[in-house]
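Peer 1: let me see the structure of the following:
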Amino acid sequence: MESGWVGTVGPILVRALEEIKQFASRNDWTAKDPADGVQYSSRPHDDWPMIKAVAEIHAPPEAIVQFFRNVNNIGQWNDKLKNVHIVHESGPLKLIKSQMKAKWPMDDRETLYAQTEFVENDGNTVFLIEKSVELPDVPVEKKHVRAHLIYSGYILERLEPSRTRVTYIVLFNPEASVPGAAKEKMQMQNAARIGVAKRTLG
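Peer 2: Residues are numbered from 1 along each chain as shown. Below you'll find the predicted structure:
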């Protein structure tokens, strides 16, 4: 499976890249109050709200990508994280498994997702794309439920050598019964990573 997984998840991420581009260009986002220098907006998508976070960070795209690709940083914006590790890796392509605590009596959640980056515009635009995948050699662990990262895409546009506009789009489904008001709060917590990066990197 070490080589076969690349052929499975690669096309999934290419499709996700095109979908993230389409979502970013839509004009049906509803603006929300900014926080920590980040402008948030939302739009409905099936039964869940999709969140977009936009901010300028005083760092080059390469440094920002490195920050988000370091799995040791995930705990900075996910206080429910139990553990995370890289299952497989091939060049820029990673297969990552993360596990999160859930309130009793719910089972804890885990997510298996692929991640890679795409570079366009002579290196001045970088896309970091993540999406849940299912692979037979990575079963769900006991007492866990497989949650799904439906969309997770970063668009990093170089404005100056050390200034980047970051757009992040996320839609996470925990595969649990969540009240309507709490759904958007959950998505906003996922998008709050952009504020963490802005505070950390500038």
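Peer 1: dig out what the residue lying closest to residue 17 once chain neighbours are set aside forms beta bridges with.
Peer 2: Computed as C-beta to C-beta, 6 or more residues apart in numbering, the closest residue to residue 17 that is not its neighbour in sequence is residue 129, at 5.1 Å. (C-beta placed from N, C-alpha, C; glycine too.) Beta-bridge partners of residue 129, counted by DSSP bridges, are residue 116, residue 153.
Peer 1: shouldn't residue 129 be in contact with residue 19?
Peer 2: No: under the criterion of C-beta atoms under 8 Å, residue 129 makes no contact with residue 19, lying 9.3 Å away.
Peer 1: what lines up beside the host helix or strand of residue 94 in the sheet?
Peer 2: Using DSSP states H and E, residue 94 maps to strand 93-100. Within its sheet, strand 93-100 is paired with strand 81-90 (antiparallel), strand 108-120 (antiparallel), according to DSSP bridges.
Peer 1: report the contact partners of the closest residue to residue 23 other than its chain neighbours.
Peer 2: Distances taken as C-beta to C-beta, 6+ apart place residue 169 nearest to residue 23, at 5.4 Å, with adjacent residues excluded. Residues counted as contacts of residue 169 (C-beta atoms under 8 Å, 6 or more residues apart in numbering) are 20, 23-24, 50-52, 151-153, 155.
Peer 1: list only those of these flagged as buried.
Peer 2: 20, 23-24, 50-52, 151-153, 155 (16 or more other C-beta atoms under 10 Å).
Peer 1: just name the closest of these to residue 138, please.
Peer 2: Set against residue 138, the nearest of the buried ones among the contacts of residue 169 by C-beta to C-beta is residue 152 (18.1 Å).
Peer 1: list the contacts of the closest one.
Peer 2: 113, 129-131, 168-172, 190.
Peer 1: top of the residues you listed by number of neighbours, please.
Peer 2: Highest neighbour count within those, by other C-beta atoms under 10 Å: residue 168, with 26 neighbours.
Peer 1: element containing it?
Peer 2: strand 163-173.
Peer 1: right, and the helix or strand after that strand?
Peer 2: Next along from strand 163-173, by DSSP H and E: helix 180-191.
Peer 1: from the chain's centroid, how far away is that next one?
Peer 2: 14 Å (C-alpha atoms, centre = their mean, to the nearest Å).
Peer 1: same question for stretch 75-90.
Peer 2: On C-alpha atoms, centre = their mean, the centre of stretch 75-90 falls 12 Å from the chain's centre.
Peer 1: who's in contact with it?
Peer 2: In contact with stretch 75-90 (C-beta under 8 Å, 6+ apart) are residues 1-3, 5-6, 71, 74, 94-102, 108, 112, 138, 189-190, 192-193, 196, 200.
Peer 1: show me which residues of it are buried.
Peer 2: Buried residues in stretch 75-90 (16+ other C-beta under 10 Å): 76-78, 84, 87-88.
Peer 1: looking at those residues, spot the one nearest residue 33.
Peer 2: Among these, and counting by C-beta to C-beta, the member closest to residue 33 is residue 77, at 18.7 Å.
Peer 1: from residue 9, how far off is that closest one?
Peer 2: 24 Å (C-beta to C-beta, to the nearest Å).
Peer 1: for residue 59, same thing?
Peer 2: 28 Å.
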